[in-house]
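K.L.:
what's the 3D shape of this:
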Amino acid sequence: MASLTGKQARFVDEYLVDLNATRAAIRAGYSEKTAQEQSSRLLSNVMVQDALSKAQKARSARTQITQDRVVQEIARLGLSDIRKLFDDAGRLLQPHEWDDDTAAAVASIEVDQRKDPGPDGDRYTVTKIKAWDKNSALEKLMKHLGLYERDNEQKQIIVNIRDDLDD
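P.N.:
The predicted structure is shown next:
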């Protein structure tokens, strides 16, 4: 099997940067005017597809980032439970006491030392914890699982049944 040209190999490398074929073609040296057509042609080239597949697998092995791992991380965020941040008495646990899933769901922690106004001026701590967007994570999981398509299919079935009843 013949090998890739220099531009094709560069396209493969550039495509892996942002998965935008047109921009990858431009960065690889193809004309901006024809980059969209060239990128489409390149993506349909069997040798380029093979090189992309091998490069993606190599990157996945190198970084240990797989599709399964990404879905698991999204699930950690979407299925997180804020109650795990507190003990049975309702006191906030220290971050080192959180389980891995709970810790992963926390986007930021802000600790503020304040003083009560008044003669004694007692100090107290305000801790603000922000979690990652649970709705966004759940939406990504639903798309991954195809739940939107099923919902749309069910809506279409209901519309068809109503149409049949009206006839």
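K.L.:
from Glu14, how far off is the residue in the chain sticking out farthest from the centre?
P.N.:
Farthest-out residue of the chain from its mean C-alpha position, per C-alpha atoms, centre = their mean: Pro119, at 51.0 Å. In this view, Pro119 and Glu14 are 67 Å apart by C-beta to C-beta, to the nearest Å. Quick note: C-beta positions are derived from backbone N, CA and C, even for glycine.
K.L.:
for Tyr124, same thing?
P.N.:
Applying C-beta to C-beta to Tyr124 and Glu14 gives a distance of 54 Å.
K.L.:
higher neighbour count, the two?
P.N.:
Glu14 (19 against 9; other C-beta atoms under 10 Å).
K.L.:
re the thing from before, assign a three-state SS to the residue farthest from the centre of the chain, would you?
P.N.:
coil (DSSP: H, G, I helix; E, B strand; the rest coil).
K.L.:
again, but for Val126
P.N.:
strand.
K.L.:
in contact with it, which residues?
P.N.:
Val111, Asp112, Arg114 (C-beta atoms under 8 Å, 6 or more residues apart in numbering).
K.L.:
then the helix or strand encompassing the last one to CSV, C-alphas only?
P.N.:
Put plainly, it is Arg114. Taking DSSP states H and E as the definition, Arg114 sits inside strand 106-115. Extracted C-alpha coordinates of strand 106-115, given in CSV (Å, rounded to 0.1, in the frame of the first residue of the first chain):
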residue,chain,number,x,y,z
VAL,A,106,-16.8,20.0,42.5
ALA,A,107,-15.8,22.8,40.1
SER,A,108,-14.4,25.2,42.7
ILE,A,109,-14.2,26.0,46.4
GLU,A,110,-14.0,29.5,47.8
VAL,A,111,-13.2,29.9,51.5
ASP,A,112,-13.7,33.4,53.1
GLN,A,113,-12.7,34.3,56.6
ARG,A,114,-15.1,36.9,58.0
LYS,A,115,-15.5,38.8,61.3
